[in-house]
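> fold the following.
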Amino acid sequence: MDIAAAILEIAQGGAIKTRIMYKAFLSFPQLKEYLELLQDGGLLDYVAEEKEYYTTEKGRQFLKMYKDVGQMIFPGARKKKIPA
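This next block holds a predicted model:
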């Protein structure tokens, strides 16, 4: 779930495979597996003309739910401020 969420977050504005792979810290075989899984689930689209992946509306809904669940499990985790 964490990896899927990371990929969807990275691809929100469009991203090529290499960018996703490096930002999500994945090997190429792992990347291929996750991209296929997310596309099959309708969470990620590939635009061949641009050679980029984009998070779909369904993917954005998944991200929102993922973040909401995180907030329920760890309330205040995002609200903490790092002291200067």
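> please, which helix or strand holds the spatially closest residue to Leu63 that is not a sequence neighbour?
For Leu63, ignoring the flanking residues on the chain, the nearest one in space by CB to CB, 6 or more residues apart in numbering is Leu8 at 5.3 Å. The way it works is simple: take the backbone N, C-alpha and C, and place the C-beta from them, glycine included. Per DSSP states H and E: Leu8 is located in helix 2-10.
> residues of that helix that come out buried?
Using 16 or more other CB atoms under 10 Å as the test for burial, helix 2-10 gives Ile3, Ala4, Ala5, Ala6, Ile7, Leu8, Glu9, Ile10.
> from memory the fourth one sits against Lys23, does it?
Yes: taking CB atoms under 8 Å as the definition, Ala6 is a contact partner of Lys23 at 7.4 Å.
> same question for stretch 67-84, mean pLDDT?
Stretch 67-84 shows a mean pLDDT of 70.
> now do the strands in this structure.
According to DSSP state E, the chain carries its strands in the segments 44-47, 52-55.
> so for Met72, which of these sits nearest?
Among the strands of the chain, strand 52-55 comes nearest to Met72, with 22.4 Å by CB to CB.
> pull the residues that contact that closest one.
Applying CB atoms under 8 Å, 6 or more residues apart in numbering, the external contacts of strand 52-55 come out as 8-9, 11-12, 14-17, 20, 35, 43-47, 63.
> apply 10 Å and report the result again.
With contacts defined as CB atoms under 10 Å, 6 or more residues apart in numbering, strand 52-55 is touched by 7-17, 19-20, 35, 38-39, 43-47, 59, 61-63.
> same thing with stretch 6-24?
Contacts with stretch 6-24, where a contact means CB under 10 Å, 6+ apart, come from 2-5, 25-28, 30-32, 34-35, 37-38, 43-47, 50-56, 58-60, 62-63, 66-67.
> fine, thanks again, bye for now.
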